[in-house]
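Engineer: Just to be clear, the model below is a prediction. Sequence and coordinates:
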Amino acid sequence: MPNMPGYKKTAQTEKKKAFSGKREFYTTEYNTTAWRKLRADRLRRDPICHKCKRAMATVLDHVTPVRLGGEFWNEANHQPLCEKCHNSKSAKERFMK
């Protein structure tokens, strides 16, 4: 198959257009050094899942999702969760407006 240089660029551009401005903001915020440091620090200080209280927390979750008005950087809006609890919470939130 011949190399089609414009193909990937077009696909990436279309994918970016699918996000709203707010979505673009917080998806890029997760990729910052500041977020990674904050996440690591919080998980180090508070290593147990806040929901099940048994498993090690691996995810720093936003209590109120950013897309629903939660503040991205407000530490009061963060909670450590294990992957299972985070996935369950996120699945329920997908249907919220």
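Structural biologist: On my side now, so go ahead. Keep in mind the model is a prediction, meaning the values are calculated, not measured. Residues are numbered from 1 along each chain as shown.
Engineer: Show me what counts as buried in the helix or strand that Ala34 is a member of.
Structural biologist: Here Ala34 is covered by helix 33-45, with elements defined by DSSP states H and E. For helix 33-45, the neighbour count (16 or more other CB atoms under 10 Å) marks Trp35, Arg39, Arg42, Leu43 as buried. Where C-beta positions appear, they are placed from N, C-alpha and C, glycine not excepted.
Engineer: Likewise for stretch 81-97?
Structural biologist: Buried, per 16+ other CB under 10 Å, within stretch 81-97: Leu81, Cys82, Cys85, His86, Lys89.
Engineer: Rebuild those as TSV, extending it with pLDDT and secondary structure.
Structural biologist: Output for the buried residues of stretch 81-97, formatted as TSV (pLDDT from 0 to 100; DSSP: H, G, I helix; E, B strand; the rest coil):
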residue	pLDDT	secondary structure
Leu81	98	strand
Cys82	98	coil
Cys85	98	helix
His86	97	helix
Lys89	95	helix
